[in-house]
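*Asks:* structure, please.
(one chain, ligands or ions: 1)
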Amino acid sequence: MAMYSRLPGSVALITLQNPPVNALSAAVRQGIVDTVQRALKDPKVTSVVICGQNGKFCGGADIREFAGPMLGPPLVPMIHAIEAVDKPVAAAIEGVALGGGLELALGCHYRIAHSKALLGLPEVTLGLLPGAGGSQRLPRLIGLTAALDLITTGRHISAAEALKLGILDQVTDNNVVDQAVEFVRRVAGQPLDSRRLSTLPCPCPPDVDSLLDKAMVKGMEKERDLLTTLFNSGQARALQYAFFSQRVVGKWSLPSGASWDNSAARTISKAAVIGLGTMGRGIVVALALTGISVVAVETQEKQLAEASQAVPAMLQREAGRRSLATPPGVISFSSNLQDVSEVELVIEAVFEDMSLKLQVFRHLTSVCRPGTLLCSNTSGLDIDQLAAVTQSPGLVVGMHFFAPAHVMKLLEVVYGPRSSPEAVATAMQLGKRMGKVSVAVGNCPGFVGNRMLKPYLEQANFLLEEGATPQQVDEALEEFGFPMGVFRMSDLSGLDVGWRIRKEAGLTGPGVESTRTRQGRRYSPLPDQVCEAGRLGQKTGRGWYQYDGPGGRVARSDPWVHIFLEAYRAEHGLVARSIAPEEILERCLYALINEGFNILQDAMAAGPEDIDAIYVFGYGWPRHHGGPMFHAGQVGLGRILERLQHHHHNHPDVPHLKPSTLLRRLVAVGSPPVQTWREFINKERVHSQL
Ligand SMILES: CCCCCCC[C@H](O)CC(=O)SCCNC(=O)CCNC(=O)[C@H](O)C(C)(C)COP(=O)([O-])OP(=O)([O-])OC[C@H]1O[C@@H](n2cnc3c(N)ncnc32)[C@H](O)[C@@H]1OP(=O)([O-])[O-]
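*Replies:* Numbers count the residues shown, from 1 in each chain. You can find the predicted model right below:
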């Protein structure tokens, strides 16, 4: 909707009304068309101001409408009509003018913004381009180079930058509508031709003159054609899905019925971090950047001394990189666990060893004051077991950060069967304050992200046994869009991490027979043998690849690995075959996706969006593929099921390839779209189908 009012004097005020960001839905577009007509016809009106309600000008086209046919008045002629009005029209920009919102403002003759407003053309992040004249008007206003920068990066810019670039006519710290009204009154009666951006020539560097001989009309036609192509592309749908899934996960819910809207969060101002290894240091910085005071505890003197040098430097660097709204919190270092007695929340980040973590939790519960939230940064250990040794198990949750913790966007908030809604709400809100995408997940080995990683890694190892090289596997995955293939990634994170976990699970180590079947299923001893050869990845300069030296970054193919693989195959009587990239992708990705269905079935994630957000923000899943569950829908659930059946038939000793019941059920009901799975799962659960 758009509301029309006549202000004292001769100014018509049009207010966009579509909470929360006044997106240009069909109703809003209709409202604008009607109110602009009204202003045009009213002889008493000499000028017009367009603003948005509730402190937001406009967040752009209504992305929710992209899924269906476009109804209502189209945006392009609507903006052209505003530009053609013969009374001055000003956009009063507060909050945001993004995408179609900025394009609407560019159709106005003047633009006045509040100093805190953000402007931009972020369409590229949704797989689109500015399709309502933005690609044509912006270069005509600020030149080709600056416009290209904004259009291709999609970045949001401040009002100050927009003023400097020439997008805005005025910036104010006061009420922006009042300023805009005053502005249009002042300019009423002045000629408007030079303010109609679509009619202006495009200022551009001399060398591209010849490229830009096309007229405006041609440009607009091109914009429309390209937009139509983009609209119908899978990538645009995936990027728009990723936009919404990032927001859906904030609206968390637990199987108990507790959810974001019925659970109160505590606001944390003082926290502690136990353990100052790589993860602990990053967590201290992430907390301090949010303005929280942190007690950073490390019992090993050498590690403490190193951390007290490194952490302030990291904080300073990061604070400099972001322009912080609040000053960073104070960090105090200590070797004494007693010093955490006054904090409201503790995050334990010691070595990934259950007996050590239990020891820390026993200690914490005795030194912290009652009511302190106790969190663990474990990447997969049982939260409930930790909760069991504390006086208040309800106040224990997992906060699984990803390295480096002050940079990576993902946070898995792990609730155990006894975690209170307040504890979950507080951890989720704290994650949000740290700028993270926080996802609530259930307590199961590996939680969501690492649980799905296991079958993916497993398939990659099996592929090596069957004839692939690490490079071939990595190349197929990188071609799909991962920044790093599985072997390069393993070398980066350190091969000993998984080795230790497998030893703890009794899968390898002294006394375990070196067979290719362990604990009743196919097992590849390849990664254990690589570790036994002292090759732990980048940190030792050797792993699945070779590097220039310990800590080297550039992976090069290593003849040692090829000889090792050949010897291994010969020892086990395996005949290497040539494996196509398609098979590599199917085996790795479909095994991972299948585990995602198992996770949904077990209610360890509330919906497919949660899994997809985890993979996009924590595991490098290419955003333009939406996430593993979205991708499954794009490929077709029937196809995924059929390929899993095929691979499981060939490898019956690999349980991860056995299609999940949920996948079968979804295919049986006609493969409904991913957005409806959450509801379907809940219904199936009620009827005990899962
Ligand atoms: C031939 C056809 C012609 C077509 C022409 C194309 C025109 C144009 O070029 C294309 C576009 O404009 S593309 C668009 C270009 N624009 C963009 O890409 C801007 C995208 N938006 C943002 O970047 C952020 O939301 C803001 C910075 C606006 C606010 O951030 P914040 O304060 O942290 O808040 P938050 O939590 O982020 O969002 C709050 C709620 O608002 C919702 N919502 C938001 N925008 C929406 C939209 N456009 N729509 C619908 N909904 C939108 C959001 O889902 C959430 O809903 P929930 O139900 O409460 O969960």
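
*Asks:* next, the contact list for the residue nearest to residue 519 when sequence neighbours are not counted, please.
*Replies:* Closest residue in space to residue 519, ignoring its immediate chain neighbours: residue 507 at 6.7 Å, by C-beta to C-beta, 6 or more residues apart in numbering. No exception for glycine: its C-beta is placed from N, CA and C like everyone else's. Counting by C-beta atoms under 8 Å, 6 or more residues apart in numbering, residue 507 touches 518-519, 523.

*Asks:* and which of the residues you listed is nearest residue 100?
*Replies:* residue 523 (54.3 Å; C-beta to C-beta).

*Asks:* dump the residue contacts of that closest one.
*Replies:* 507, 515-517.

*Asks:* quick one: which of those sit in strands?
*Replies:* residue 517 (DSSP state E).

*Asks:* C-terminal to the helix or strand bottoming out on mean pLDDT in the chain, what's the next element?
*Replies:* The helix or strand of the chain with the lowest confidence, counting by mean pLDDT, DSSP states H and E, is helix 216-231 at a mean of 76. As assigned by DSSP states H and E, the chain's next helix or strand after helix 216-231 is helix 234-248.

*Asks:* is that next one in proximity to the ligand?
*Replies:* Yes. Helix 234-248 comes into contact with the ligand (C-beta under 6 Å from any ligand atom), by way of 244, 247.

*Asks:* pretty sure residue 368 sits against residue 345.
*Replies:* No. Using C-beta atoms under 8 Å, residue 368 is not in contact with residue 345; the gap is 9.4 Å.

*Asks:* who touches both of these two?
*Replies:* With C-beta under 8 Å, 6+ apart, residue 368 and residue 345 have common neighbours residue 374.

*Asks:* centre of the chain to stretch 617-633, how far?
*Replies:* Counting by C-alpha atoms, centre = their mean, to the nearest Å, stretch 617-633 is centred 10 Å from the centre of its parent chain.

*Asks:* before we move on, back to that, which positions within the least confident helix or strand of the chain qualify as buried?
*Replies:* Buried residues in helix 216-231, counted by 16 or more other C-beta atoms under 10 Å: 216, 219-220, 223, 227, 230.

*Asks:* on that earlier part again, out of the contacts of residue 507, who's nearest residue 58?
*Replies:* Among the contacts of residue 507, and counting by C-beta to C-beta, the member closest to residue 58 is residue 523, at 56.7 Å.

*Asks:* for the contacts of residue 507, which one is nearest residue 191?
*Replies:* Nearest to residue 191, judged by C-beta to C-beta, of those is residue 523 at 79.8 Å.

*Asks:* ramachandran angles for that closest one?
*Replies:* Residue 523 adopts backbone torsions of phi -140, psi 140, taken as degrees, to the nearest 10.

*Asks:* please enumerate the helices of the stretch 501-650 of the chain.
*Replies:* 526-532, 559-571, 581-601, 608-618, 628-635, 637-650 (DSSP state H, counting those that start in this stretch).

*Asks:* off-centre distance for the third one?
*Replies:* Okay, so that is helix 581-601. 20 Å.

*Asks:* now the residue in the stretch 401-550 of the chain positioned nearest to the ligand, nearest residue through space, not along the chain?
*Replies:* Across the stretch 401-550 of the chain, no residue is closer to the ligand than residue 432, which sits at 9.6 Å (C-beta to the nearest ligand atom). In space, and not counting its chain neighbours, residue 432 is closest to residue 438: 6.0 Å by C-beta to C-beta, 6+ apart.

*Asks:* list the contacts of that neighbour.
*Replies:* 249-250, 252, 411-413, 427-428, 431-432.

*Asks:* let's see which of those end up in strands.
*Replies:* Per DSSP E, the subset of the contacts of residue 438 in strands is 411-413.

*Asks:* neighbour count for the residues you listed - can I get that in TSV?
*Replies:* Below are the ones in strands among the contacts of residue 438 laid out as TSV (neighbours: other C-beta atoms under 10 Å):
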residue	neighbour count
411	29
412	27
413	26
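
*Asks:* looking at those residues, which one is closest to residue 281?
*Replies:* Nearest to residue 281 among the ones in strands among the contacts of residue 438 is residue 411, at 16.3 Å by C-beta to C-beta.

*Asks:* which element is residue 5 on?
*Replies:* Here residue 5 is covered by strand 2-6, with elements defined by DSSP H and E.

*Asks:* pull out the buried positions in that strand.
*Replies:* Buried-residue list, strand 2-6, by 16+ other C-beta under 10 Å: 2, 4.

*Asks:* swap in stretch 665-685?
*Replies:* Per 16+ other C-beta under 10 Å, stretch 665-685 contains these buried residues: 665-667, 671, 674-675, 677-678, 680-681, 684.

*Asks:* show the average pLDDT along whichever helix or strand residue 283 is part of.
*Replies:* Element membership of residue 283, judged by DSSP H and E, is helix 278-289. In this model, helix 278-289 has a mean pLDDT of 96.

*Asks:* give me the residue from the stretch 101-250 of the chain nearest the ligand.
*Replies:* residue 131 (3.5 Å).

*Asks:* mind checking how far that residue is from residue 157?
*Replies:* 20 Å (C-beta to C-beta, to the nearest Å).

*Asks:* next: residue 505.
*Replies:* Distance from residue 505 to residue 157, counting by C-beta to C-beta: 51 Å.

*Asks:* those two: which has the busier surroundings?
*Replies:* residue 157 (20 against 12; other C-beta atoms under 10 Å).

*Asks:* which pLDDT value goes with that one?
*Replies:* pLDDT, residue 157: 96.

*Asks:* residues contacting it?
*Replies:* 118-120, 150, 165.

*Asks:* which one of those is nearest to residue 6?
*Replies:* Once C-beta to C-beta is applied, the member of the contacts of residue 157 that ends up nearest residue 6 is residue 119, at 28.2 Å.

*Asks:* may I have the beta-bridge partners of that closest one?
*Replies:* residue 97, residue 157 (DSSP bridges).

*Asks:* tell me, how many residues neighbour it?
*Replies:* For residue 119, using other C-beta under 10 Å, the count is 26.

*Asks:* do the one 5 residues further on as well
*Replies:* Around residue 124 sit 17 other residues, with neighbours defined as other C-beta under 10 Å.

*Asks:* per-residue confidence for the nearest residue to it once chain neighbours are set aside?
*Replies:* What sits nearest to residue 124 in space, not counting adjacent residues and going by C-beta to C-beta, 6+ apart, is residue 154, at 4.3 Å. Here, the pLDDT recorded for residue 154 equals 93.

*Asks:* which residues are in contact with residue 154?
*Replies:* 120-125.

*Asks:* list, one by one, the residues from the stretch 451-600 of the chain near the ligand.
*Replies:* Residues of the stretch 451-600 of the chain lying near the ligand (C-beta under 6 Å from any ligand atom): none found.

*Asks:* that older thread, pick the most buried one from the helices of the stretch 501-650 of the chain.
*Replies:* Among these, helix 608-618 has the highest mean neighbour count (mean count of other C-beta atoms under 10 Å), at a mean of 27.

*Asks:* hmm, that helix touching the ligand?
*Replies:* No. Judged by C-beta under 6 Å from any ligand atom, helix 608-618 stays clear of the ligand, getting no closer than 11.1 Å.

*Asks:* what packs against that helix?
*Replies:* Counting by 3 or more C-beta pairs under 8 Å, 6 or more residues apart in numbering; DSSP states H and E, the packing neighbours recorded for helix 608-618 are helix 234-248, strand 410-415, strand 437-442, helix 449-466, helix 581-601, helix 628-635, helix 677-686.

*Asks:* redo those as CSV? Include mean pLDDT and distance to residue 617.
*Replies:* Converted to CSV, the helices and strands packed on helix 608-618 look like this (pLDDT from 0 to 100; distance: least, C-beta to C-beta, whole Å):
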stretch, mean pLDDT, distance to residue 617
helix 234-248, 92, 8
strand 410-415, 98, 4
strand 437-442, 98, 5
helix 449-466, 97, 10
helix 581-601, 97, 15
helix 628-635, 98, 13
helix 677-686, 91, 19
